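**Q** what's the 3D shape of this:
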Amino acid sequence: FFLMIRRPPRSTPKPSSAASDVYKRQALKIAGGGATNVKVVCRVRPMNEMETSLLSNANFDAKGNKIRDLCTEFNKNEKTEITIFTPVDKMDKSEKDPYEKHVFNFDYVFECNTAQPAVYEVAAKPIIESVIDGFNGSILAYGQTSSGKTFTMQGDIESEELKGIIPRMVDTVFEKIEQASEAIEFTVKSSMIEIYNEKIRDLLDPSKNNLSVHEDKQRGIYVEGLTEKPIGDAKEVYKLMKDGNANRAVGVTNMNAQSSRSHSVFMMNVTTNDLENFTCKTGKLCLVDLAGSEMISKTGATGQTLEEAKNINKSLTMLGRVINALTDGKSNYIPYRDSKLTRILQESLGGNAKTCLIITASPSMYNALETLSTCRFGMRAKSIKNNAKINKQVTVAELKLVVARLEKEIHIKAARITQLEAFIISLGGTIPANDKEVTALEDADTLQTDDSQEEPNENSEKPASSPTNIENEFPLAKPVLEEEKKVAPQVEITISKTIEDELILKASKQKMDDLQKQKDEQGKDLDALLDQVKQERKKLKIKDGKLILLKKQLAERNAEIERFQRENNALIENAVEMKLTIQNIEESLSEKERE
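**A** Have a look, this model is predicted:
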């Protein structure tokens, strides 16, 4: 299912020019590739109605200390810094200030009034653009329940201003496809799952409610049997999101009227095929809306909701253990397999992916401890190192193109070598027939150089070797030694160039041999797969034979059952007739007795 999409871009409200420049500069930092740390941004939502109702009417306490209604404080000059204030333990009388101060530095901090487009520009757009280039990308939203994770990731799909990262991602993907060269073909597929009570459910096919996670060298981490739908335009993605969200588990708690009771994962695979150079790249995008951590005393969860909360907190605990193992510098084992969530996020945390973690928090002093815990989680995650690389697949057409290019280079080198040999012969030289003669020429050049550099000495004897002796010992060097001094250096340079060209030719041939070996190995792999298919077919034939035999046996048994039934019916009929006969005999006997 290939896509060549051409459509006018949607009009999207943009921030002011000054703010846009700030967001673009910050986005460039998050877009880095290769070995990079996980990028972490913090978003603080506005206070909700419940938190507003808890605001204190007094400005100062009995000791004259200022009462804080907000636990967060932003640095107006530094958009990467946030300060969290938490109440000091009342039993600790040594503390004069009733609040403890905690300062955190992230890649970016969004204040309460930050609009959805600004969050998308900084945190998500650079990673989504890199997926088009063949990288794996992941965006995770983490925070306590009711802190704004689902609003950040999805928002209001119908509203241009309030829609979140996932619907905005759709516009970016198809705009990039529109701007691409006509020689590039795209394949786009999407899927959507949730992890509910440690079971993976396919949100596009609710009948698949307990899928398993596997790992493959080609595909990496994947969910077996997951429904992947080809995407042709943005409307199809919106419909897919609506269908998936309708099947997602939600509930009501004291802190959220629509609380997510599961971790939601939206996945998109983008494959690009370049028809000019025959290259193929695949990028996988993973957008994760984590269920919020919960304090039962605040949410008031009971019954089924309580069990859901336990499983949510358990999986988030496993996620924290994985992050600790990745960052403590001591662990030799990373417990990815301890939960379905961490297994799916294996490439996103410490693997082949560009990852951005969005931590969402409440500004209310009522949730100060949860906000502090969220920021500490973000700081640990910020130390995780990923190693993102382009997922390039070597195609047969690309290998053929490389071989053709190398063959062309070999022909050019061979023609140049022929010309150089003709030039040497025109000067009276002789072309070495083998490596031994080449070595002889090099030794002759070395002897001639040593003789020319030796200083004359009247008392010293003449050297034993002369040009004539050298010519007798190295007959191939004779024409060169007879040339004038002006011509000899040119011949020496030409011979060295010839040798260099031969080395280049050998290197090119070696490259061709390597490519041929690679092609042979692929052929062997293909043969192995064909053998495996043949074996599977044989197994299927054997199974079909067994099935036919079983059907035959079943038919025979059914025939026997029918025969038994007929015999049984006949016996029943005989018994009935005998009973009637006995009754007639009894009646006749009774009549005779009366007579």
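
**Q** alpha carbons only for contacts and neighbour counts from here, please
**A** Will do.

**Q** how far does stretch 357-369 sit from the chain's center?
**A** Averaging C-alpha positions (CA atoms, centre = their mean, to the nearest Å) puts stretch 357-369 29 Å from its chain's average.

**Q** Only alpha carbons, please: show it as CSV.
**A** Provided in CSV are the C-alpha atoms of stretch 357-369 (Å, rounded to 0.1, in the frame of the first residue of the first chain):
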residue,chain,number,x,y,z
LEU,A,357,9.3,12.3,28.1
ILE,A,358,6.6,14.8,28.9
ILE,A,359,6.0,15.0,32.6
THR,A,360,2.7,16.6,33.5
ALA,A,361,2.1,18.1,37.0
SER,A,362,-0.5,20.0,39.1
PRO,A,363,0.5,23.5,40.5
SER,A,364,-1.7,23.1,43.6
MET,A,365,-0.2,22.7,47.0
TYR,A,366,-2.7,20.0,47.5
ASN,A,367,-0.7,17.8,45.1
ALA,A,368,2.8,19.1,46.0
LEU,A,369,4.2,15.7,47.0
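
**Q** Show me what counts as buried in it.
**A** Going by neighbour count (16 or more other CA atoms under 10 Å), the buried part of stretch 357-369 is Leu357, Ile358, Ile359, Thr360, Ala361, Ser362, Pro363, Ser364, Met365, Tyr366, Asn367, Ala368.

**Q** Return the member of these nearest to Glu121.
**A** Distance to Glu121 across the buried residues of stretch 357-369 (CA to CA) is lowest for Ile358, with 12.9 Å.

**Q** Spell out the secondary structure type for the closest one.
**A** With DSSP: H, G, I helix; E, B strand; the rest coil as the basis, Ile358 sits in strand.

**Q** isn't it right up against Phe106?
**A** No: with contact defined as CA atoms under 8 Å, Ile358 does not reach Phe106; the gap is 10.2 Å.

**Q** overlap in contacts of these two?
**A** Residues touching both Ile358 and Phe106 (CA atoms under 8 Å, 6 or more residues apart in numbering): Val40, Val41, Cys42.

**Q** ok so, going back, same list (the buried residues of stretch 357-369) but as JSON lines, adding distance to Thr395.
**A** Below are the buried residues of stretch 357-369 laid out as JSON lines (distance: CA to CA, whole Å):
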{"residue": "Leu357", "distance to Thr395": "34"}
{"residue": "Ile358", "distance to Thr395": "37"}
{"residue": "Ile359", "distance to Thr395": "40"}
{"residue": "Thr360", "distance to Thr395": "43"}
{"residue": "Ala361", "distance to Thr395": "47"}
{"residue": "Ser362", "distance to Thr395": "50"}
{"residue": "Pro363", "distance to Thr395": "53"}
{"residue": "Ser364", "distance to Thr395": "56"}
{"residue": "Met365", "distance to Thr395": "58"}
{"residue": "Tyr366", "distance to Thr395": "58"}
{"residue": "Asn367", "distance to Thr395": "54"}
{"residue": "Ala368", "distance to Thr395": "54"}
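
**Q** Provide a list of residues in contact with the residue most central in space within the chain.
**A** Taking CA atoms, centre = their mean as the criterion, Asn136 is the residue nearest the geometric centre of the chain, at 3.7 Å. Shown in contact with Asn136 (CA under 8 Å, 6+ apart): Ser130, Gly283, Lys284, Leu285, Asn352, Ala353, Lys354, Ala388, Lys389, Ile390, Asn391.

**Q** Number of residues surrounding Ile424?
**A** Neighbourhood size, Ile424 [other CA atoms under 10 Å]: 20.

**Q** do the same with Tyr222
**A** For Tyr222, the neighbour count with other CA under 10 Å is 14.

**Q** bridging residues for it?
**A** Beta bridges link Tyr222 to His214 when assigned by DSSP bridges.

**Q** Looking at the shared contacts of Ile358 and Phe106, which is nearest Thr327?
**A** The closest of the shared contacts of Ile358 and Phe106, once distances to Thr327 are taken by CA to CA, is Val40, at 14.7 Å.

**Q** looking at this, the closest one is in a strand?
**A** Yes: assigned with three-state DSSP, Val40 falls within a strand.

**Q** What's the separation between the closest residue to Val213 other than its chain neighbours and Ala291?
**A** Closest residue to Val213 apart from its sequence neighbours, by CA to CA, 6 or more residues apart in numbering: Val223 at 4.5 Å. Plainly put, Val223 is 20 Å away from Ala291 if you go by CA to CA, to the nearest Å.

**Q** Looking at the two, which is more packed in?
**A** Set side by side, Val223 and Ala291 show more neighbours around Ala291, with 27 against 15, by other CA under 10 Å.

**Q** State the pLDDT value of the nearest residue to that one once chain neighbours are set aside.
**A** Using CA to CA, 6+ apart and skipping the chain neighbours, the partner closest in space to Ala291 is His263 (5.0 Å). Listed pLDDT for His263 reads 90.

**Q** Was I right to think His263 contacts Glu308?
**A** No: applying CA under 8 Å, one finds His263 not in contact with Glu308, separated by 11.1 Å.

**Q** Pull out the buried residues from the helix or strand hosting Ala35.
**A** Applying DSSP states H and E as the criterion places Ala35 in strand 34-37. Neighbour counts over strand 34-37 (16+ other CA under 10 Å) mark Ala35, Thr36, Asn37 as buried.

**Q** Can you list the low-confidence ranges for the stretch 101-250 of the chain?
**A** Across the stretch 101-250 of the chain, the ranges flagged by pLDDT under 70 are 250.

**Q** mind listing the helices for it?
**A** In the stretch 101-250 of the chain, helices defined by DSSP state H, counting those that start in this stretch lie at 116-119, 125-132, 149-153, 165-179, 234-246, listed in chain order.

**Q** and the shortest one, how far out from the chain's middle?
**A** Right, helix 116-119. 24 Å.

**Q** And for the last one?
**A** In this view, helix 234-246 has its centroid 22 Å away from the chain centroid, taken as CA atoms, centre = their mean.

**Q** same question, stretch 157-175
**A** So, by CA atoms, centre = their mean, the centroid of stretch 157-175 is 21 Å from its chain's centroid.

**Q** Need the residues that contact that stretch.
**A** Applying CA under 8 Å, 6+ apart, the external contacts of stretch 157-175 come out as 5, 9-10, 12-13, 115-117, 120, 124-125, 128-129, 132, 151-156, 233-234, 237-238, 287.

**Q** if we go to 7 Å?
**A** Contact partners of stretch 157-175, identified using CA atoms under 7 Å, 6 or more residues apart in numbering, comprise 9, 12, 116, 120, 124, 128, 151-156, 234.

**Q** before we move on, what about stretch 267-283?
**A** Contacts for stretch 267-283 (CA under 7 Å, 6+ apart): 131-132, 134-136, 183-192, 284-287, 391-395, 397-398.

**Q** Just the buried positions in it, please.
**A** The neighbour-count check on stretch 267-283 (16+ other CA under 10 Å) flags 267-274, 278-283 as buried.

**Q** Farthest pair within those?
**A** Longest span within those, CA to CA: Met267 and Phe278, 25.9 Å.

**Q** now, which of the contacts of stretch 267-283 lie within strands?
**A** Judged by DSSP state E, the contacts of stretch 267-283 include 184-192, 284-287, 392-393 as members of strands.

**Q** For these, which two are the farthest from each other?
**A** Going by CA to CA, the pair spanning the ones in strands among the contacts of stretch 267-283 furthest: Ile184 and Met192, at 26.6 Å.

**Q** So for those two, which sits in the more crowded spot?
**A** More crowded of Ile184 and Met192, by other CA under 10 Å: Met192, with 26 against 19.

**Q** Show me what the spatially closest residue to the more buried one that is not a sequence neighbour bridges to in the sheet.
**A** In this structure, Met192 finds its nearest non-sequential neighbour in Phe266, 4.6 Å apart by CA to CA, 6+ apart. Listed by DSSP bridges, the beta-bridge partners for Phe266 are Met192, Leu287.
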